[in-house]
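Novice: okay, predicted coordinates and the sequence, questions at the end:
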Amino acid sequence: MQDILRQSLENSIKAKEDFVSSQEQNLLLLVDVLVASFQCGGKLLLFGNGGSAADAQHLAAEFVNRFLIDRKPLPALALTTDSSILTSIGNDFSYDDIFSKQIHALGKKEDVALGISTSGNSPNVVNAIQAAREIGMHTAVLTGGNGGKLASEAELVLNVPSDKTPHIQETHIWIEHMLCWLVDERMFGSLVNE
């Protein structure tokens with residue numbers, strides 16, 4: 001059991017290190033995009049399935065409430081939380097449309113769409129990114145492995161180059177926390193010393 005624990009820790013750290021060495025610039029670009037969007041009255045729309053849905057909700061909560069500092073709320077919305085909308089679209093149309101219809105209903109050009117998909121191939125996430133592009137929104141995705149179909153659909157791809165789902169997901173939550181931290185630093189000054 002100790003060997004499993006140590007190997008998992010090593011793999012998790014390696015996934016984060018590999019991400020930073022290959023994707024650091026895209027992470028910093030997404031920070032710039034989010035800051036510009038928030039400053040001009042835009043919002044962040046987040047979506048994904050399963051654990052990625054939970055990540056979308058987690059990240060929205062960090063922006064709306066707070067991350068490490070008390071500051072004004074920042075507009076972020078997880079498109080994964082309204083069961084009536086999700087089941088209505090899934091029932092009347094298709095599960096593949098549950099996020100794209102919300103993007104068409106809520107998205108504006110000044111907004112940012114952030115899709116989360118470990119495989120990069122979730123059809124409903126792909127469709128939502130395509131819908132956001134039609135509107136003229138900035139688009140970004142968190143993916144893993146080779147990035148899947150989303151790697152060619154989004155403006156900014158933050159891909160974790162690992163084939164181990166748990167370590168991709170662990171890196172995604174770290175990336176999401178870094179987005180909050182760096183946006184706060186850019187918008188509200190160097191208030192975080194941890």
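Specialist: Right, received. Where do you want to start?
Novice: same for the lengthiest strand in the chain, what does it pack against?
Specialist: Assignment by DSSP state E gives strand 138-144 as the longest strand of the chain. With contacts taken as 3 or more Cβ pairs under 8 Å, 6 or more residues apart in numbering; DSSP states H and E, strand 138-144 sits against helix 2-39, strand 112-116, helix 123-135, strand 156-160, helix 165-188. For glycine as for every other residue, the C-beta is placed from the backbone atoms N, C-alpha and C.
Novice: next, the angle helix 165-188 makes with it.
Specialist: Orientation of strand 138-144 against helix 165-188 (axes from the mean of the first three to the mean of the last three Cα atoms, to 10 degrees) gives an angle of 150 degrees.
Novice: what does strand 138-144 contact?
Specialist: Applying Cβ atoms under 8 Å, 6 or more residues apart in numbering, the contact partners of strand 138-144 are 30, 33, 37, 48, 52, 55, 111-120, 125, 129, 132-133, 147, 150-151, 153-163, 165, 168, 171-172, 175-176.
Novice: buried subset of the residues you listed?
Specialist: Buried residues within those, counting neighbours by 16 or more other Cβ atoms under 10 Å: 30, 33, 37, 48, 52, 55, 111-120, 125, 129, 132-133, 147, 150, 153-162, 168, 171-172, 175-176.
Novice: off-centre distance for stretch 138-150?
Specialist: 10 Å (Cα atoms, centre = their mean, to the nearest Å).
Novice: can you give me the buried ones in that stretch?
Specialist: 138-145, 147-150.
Novice: tell me the mean pLDDT over that stretch?
Specialist: On average, the pLDDT along stretch 138-150 is 97.
Novice: alpha carbons of that stretch, as PDB, please.
Specialist: Below are the C-alpha coordinates for stretch 138-150, written out as PDB (Å, rounded to 0.1, in the frame of the first residue of the first chain):
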ATOM      1  CA  HIS A 138     -13.200  33.500 -26.000                       C
ATOM      2  CA  THR A 139     -12.900  29.700 -25.700                       C
ATOM      3  CA  ALA A 140     -10.700  27.600 -23.500                       C
ATOM      4  CA  VAL A 141     -10.600  24.000 -22.500                       C
ATOM      5  CA  LEU A 142      -8.900  21.800 -19.900                       C
ATOM      6  CA  THR A 143      -8.100  18.400 -21.400                       C
ATOM      7  CA  GLY A 144      -5.800  15.400 -20.900                       C
ATOM      8  CA  GLY A 145      -3.900  12.900 -23.000                       C
ATOM      9  CA  ASN A 146      -3.600  14.200 -26.500                       C
ATOM     10  CA  GLY A 147      -6.300  16.800 -26.000                       C
ATOM     11  CA  GLY A 148      -8.900  14.900 -28.100                       C
ATOM     12  CA  LYS A 149     -11.300  16.700 -30.400                       C
ATOM     13  CA  LEU A 150     -11.300  19.800 -28.200                       C
END
